[in-house]
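> 3D model of this:
(one chain, ligands or ions: 1)
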Amino acid sequence: MARLNAEQLRELCARQDPSLVAGCTCAPLQVPSWESITDERWHESVRLAGTLRDEEEYEPTFEEFHPKGTRYASPDAPIALGWFPFNRSDVHACSRCHSVFLRYTEYGGYYMDHRVRMVDPKLIV
Ligand SMILES: [Zn+2]
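Numbering: from 1, shown residues only. Below you'll find the model as predicted:
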């Protein structure tokens with residue numbers, strides 16, 4: 001799977017067609033901060049486009065990057081590649097409006113939780 005850097009992620013975001021975003025089939029995924037999603041919300045028009053994971057990294061960090069006092073769930077938290085949870089995320093893109101989404105899986109003792117966040121290219125650092 002292609003590993004994307006910040007520039008490639010921005011390029012992917014630049015393909016978004018703003019006129020198609022509202023009301024698109026990917027609307028349930030258009031969340032500004034990380035949210036748990038069930039597979040039912042995942043529309044088939046949204047397809048895997050690459051990954052931010054370093055597949056050679058055995059134990060990616062759980063450290064987060066918040067130089068401006070944001071938190072994990074802040075809608076304005078930076079999209080900081082190489083930091084948690086971006087270092088565990090795959091990149092998906094809607095085949096209709098070309099919105100870009102990140103998705104990773106949170107593992108607890110007895111559960112798996114898929115989380116998604118729509119990419120705002122202004123927040124990519
Ligand atoms: Zn869409």
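> When you work out contacts or count neighbours from here on, use the C-alpha atoms and nothing else.
Fine.
> Who does the residue nearest the centre of the chain form a beta bridge with?
Closest residue to the average C-alpha location of the chain: residue 102 at 1.5 Å, with CA atoms, centre = their mean. Residue 102 has these beta-bridge partners by DSSP bridges: residue 91, residue 117.
> contacting residues for the closest residue to residue 30 other than its chain neighbours?
In space, and not counting its chain neighbours, residue 30 is closest to residue 118: 5.5 Å by CA to CA, 6 or more residues apart in numbering. Residue 118 is in contact with 29, 30, 31, 32, 33, 99, 100, 101, 102, counting by CA atoms under 8 Å, 6 or more residues apart in numbering.
> Residue 119 now?
By CA under 8 Å, 6+ apart, the contact set of residue 119 is 13, 32, 79, 99, 100, 101, 102.
> Need the distance between the two termini of stretch 115-125.
Chord length of stretch 115-125, first to last residue, is 20 Å (CA to CA, to the nearest Å).
> Let me see the ranges of the strands in the chain.
35-36, 46-51, 90-94, 100-107, 112-118 (DSSP state E).
> who touches the first one?
To tie it back to what came earlier, the one meant is strand 35-36. Outside strand 35-36, the residues that touch it by CA under 8 Å, 6+ apart are 113, 114, 115, 116, 117.
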